[in-house]
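Novice: fold the following.
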Amino acid sequence: EEALTMFMAKNKLDRKMVNATQGVEALHQLASSYFIDRDGTMRKLHEIQISTNAIKVTETRTGPLGCSTYDNLDSVSSVLLQSPESKLHLQGLQVILPEYLREKFVQSALSYIMCNGEGEYMCRSNQCICQCADEFPQCNCPTTDLQIMENTLRGMAESWAASYKDFENSDEFKSFLKRLPSTHFLPVSSVHLLWGSDWDLQARYRLLQSSLEVLRLKIQRTARKLFNLSIRCHHNPNHQMPRE
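Specialist: Residues are numbered from 1 along each chain as shown. Purely as a prediction, here's the structure:
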């Protein structure tokens, strides 16, 4: 449910506007367009509020996530319920419906918004899902979101590999390789000793570890979201953490 409340100081309107009656009518017309063009209406109202200091505008929105936008609806009806001289009160269509129709109206609106018209929005035991229509068996699967996250994870994996490549191409690592003998093999313990005694290389490697740790946490968070979103899909995503 959404409401737009506007308080008007009639005496200030009289001083600021040549024709106060026309000013009030203009505010009525502007308020009635709120549900059709919310942003444009609020911008104009705020301009009037600043220039005249004669009105105070308040928006009130209540309801589950997704009910605060009308972008996906084919048409929107707004009704001016009260119009006293000092106050305009604008609310949604569900307010004037008979009480026995309100639940069905809200249910249909939620199903349209939350399920894209492909199922019925149902809530049981604090869990809300779409009960899919037969022709839309995958209506609970956010395919677009999953594709975006999978592409993001692929990009992160490429960044992971690129970080190692940058380290291998660094002057510090190339200098370390030059210190290794080319005529015979070294035992692992000797390589570890040379590695640990190269302070420039160690500093460069710590930078690599720091950047990879930040990237690793991002990958884990994104992967967790990916698997949580795919719970109600018919296939599970295949993802593996990149190796060090």
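Novice: only C-alpha atoms from now on, for both contacts and neighbour counts.
Specialist: Noted.
Novice: for the helix or strand where T152 lies, which positions count as buried?
Specialist: Using DSSP states H and E, the element containing T152 is helix 143-168. Neighbour-count burial for helix 143-168, counted by 16 or more other Cα atoms under 10 Å, picks out L146, M149, E150, L153, M156, A157, W160, S163, Y164, F167.
Novice: which of those sit farthest apart?
Specialist: Spatial extent of the buried residues of helix 143-168 (Cα to Cα) is set by the pair L146 and F167 at 31.8 Å.
Novice: how about the helices in the chain?
Specialist: 10-16, 20-32, 38-52, 99-114, 143-168, 171-179, 188-197, 199-229 (DSSP state H).
Novice: okay if I get those helices as JSON lines plus mean pLDDT and distance to E120?
Specialist: What follows is those, written out as JSON lines (pLDDT from 0 to 100; distance: least, Cα to Cα, whole Å):
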{"stretch": "helix 10-16", "mean pLDDT": "65", "distance to E120": "47"}
{"stretch": "helix 20-32", "mean pLDDT": "71", "distance to E120": "31"}
{"stretch": "helix 38-52", "mean pLDDT": "79", "distance to E120": "27"}
{"stretch": "helix 99-114", "mean pLDDT": "79", "distance to E120": "5"}
{"stretch": "helix 143-168", "mean pLDDT": "91", "distance to E120": "18"}
{"stretch": "helix 171-179", "mean pLDDT": "92", "distance to E120": "60"}
{"stretch": "helix 188-197", "mean pLDDT": "90", "distance to E120": "62"}
{"stretch": "helix 199-229", "mean pLDDT": "92", "distance to E120": "19"}
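Novice: reformat those as JSON lines; add distance to C128.
Specialist: What follows is these, written out as JSON lines (distance: least, Cα to Cα, whole Å):
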{"stretch": "helix 10-16", "distance to C128": "47"}
{"stretch": "helix 20-32", "distance to C128": "33"}
{"stretch": "helix 38-52", "distance to C128": "28"}
{"stretch": "helix 99-114", "distance to C128": "10"}
{"stretch": "helix 143-168", "distance to C128": "18"}
{"stretch": "helix 171-179", "distance to C128": "54"}
{"stretch": "helix 188-197", "distance to C128": "55"}
{"stretch": "helix 199-229", "distance to C128": "13"}
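Novice: among these, which is nearest C130?
Specialist: helix 99-114 (7.5 Å).
Novice: now the closest one, how far from the centre of its chain.
Specialist: Centroid separation for helix 99-114 versus its chain: 24 Å, with Cα atoms, centre = their mean, to the nearest Å.
Novice: same check, this time on stretch 157-166
Specialist: Per Cα atoms, centre = their mean, the centroid offset for stretch 157-166 relative to its chain is 28 Å.
Novice: and for that stretch, what's in contact with it?
Specialist: L208, L212, L215, P242 (Cα atoms under 8 Å, 6 or more residues apart in numbering).
Novice: so which of those is the most crowded?
Specialist: The most neighbours of any of the contacts of stretch 157-166, using other Cα atoms under 10 Å, belong to L212, which has 18 neighbours.
Novice: domains for this structure, by residue range?
Specialist: 2-96, 100-132, 143-232 (automatic domain parsing).
Novice: distance to N238 added to those domains, as JSON lines?
Specialist: As requested, those are exported to JSON lines (distance: least, Cα to Cα, whole Å):
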{"stretch": "domain 2-96", "distance to N238": "30"}
{"stretch": "domain 100-132", "distance to N238": "24"}
{"stretch": "domain 143-232", "distance to N238": "9"}
